[in-house]
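Peer 1: 3D, please:
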Amino acid sequence: MPILCGLFCGIWRRCFGSGGWDIKILKIRAIQHVIGFASIFACLVTKYTLWQALIAAGLVQCLYWARSHGCCFDFGHGKVDVKRYEQLWYWKYIKKIIPEKMWYGYDCDYFLMNVRYTIPSILVTLVLLSAPVLFMGFALTGMYALCWIAYDFGWIKKPTSTAEYLGGFITGLLLVL
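Peer 2: Numbers count the residues shown, from 1 in each chain. Predicted coordinates for the structure are as follows:
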């Protein structure tokens, strides 16, 4: 079951990230959220109680997937858009932790992605009482970073879409391990 959930979540995550693969009904964000919630719930209800599955599916869909990763997903490869960084609710706190010379680069983006995806992972871990779920945020951030490194070496051509497939797979897998 974990592999099946991983495959389904990987495919769905890419669909969500791509805006619905040019399929008219899948371009509707509300439909994407319903499909995301239902797929995550379907995976979770096979292992957890109904209430745990409902709450965790809501947290994963609303906080883990639906919240934008904004400017930091490209790990310093894109054009720096300071306004996008400032839209992150945690940016003002991060600026106090990270030296200014490191803002807007690979290291900062890596840290931001970890914060962005690990905080929801902690909440889901508390609901499911499952240690593997705690590592979802770290795993997803690592997947994006590895895809950008592979891109830099010329091994892959589309780091974002590759990271979405792999990140969705890892997330689906960890949710039900």
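
Peer 1: what packs against the top helix by length along the chain?
Peer 2: Counting residues, the longest helix in the chain under DSSP state H turns out to be helix 106-128. Helix 106-128 is packed against helix 50-59, helix 91-97, helix 131-134, helix 136-152, with contacts defined by 3 or more C-beta pairs under 8 Å, 6 or more residues apart in numbering; DSSP states H and E. C-betas here are computed from N, CA, C, even on glycine.

Peer 1: one more pass at 7 Å, please.
Peer 2: helix 50-59, helix 131-134, helix 136-152 (3 or more C-beta pairs under 7 Å, 6 or more residues apart in numbering; DSSP states H and E).

Peer 1: Throw these into CSV and include mean neighbour count, thanks.
Peer 2: CSV is the format used below for the helices and strands packed on helix 106-128 (neighbours: other C-beta atoms under 10 Å):
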stretch, mean neighbour count
helix 50-59, 18
helix 131-134, 16
helix 136-152, 20
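
Peer 1: any chance of TSV for the ones you listed, columns distance to K92 and mean pLDDT?
Peer 2: Output for these, formatted as TSV (distance: least, C-beta to C-beta, whole Å; pLDDT from 0 to 100):
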stretch	distance to K92	mean pLDDT
helix 50-59	24	94
helix 131-134	26	91
helix 136-152	20	90
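
Peer 1: W21 against C15, yeah?
Peer 2: Yes - in this structure W21 lies within contact range of C15 using C-beta atoms under 7 Å: 5.7 Å.

Peer 1: can you list the helices and strands packed on helix 106-128 in TSV and add distance to K101?
Peer 2: Listed next are those as TSV, based on distance: least, C-beta to C-beta, whole Å:
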stretch	distance to K101
helix 50-59	35
helix 131-134	31
helix 136-152	20
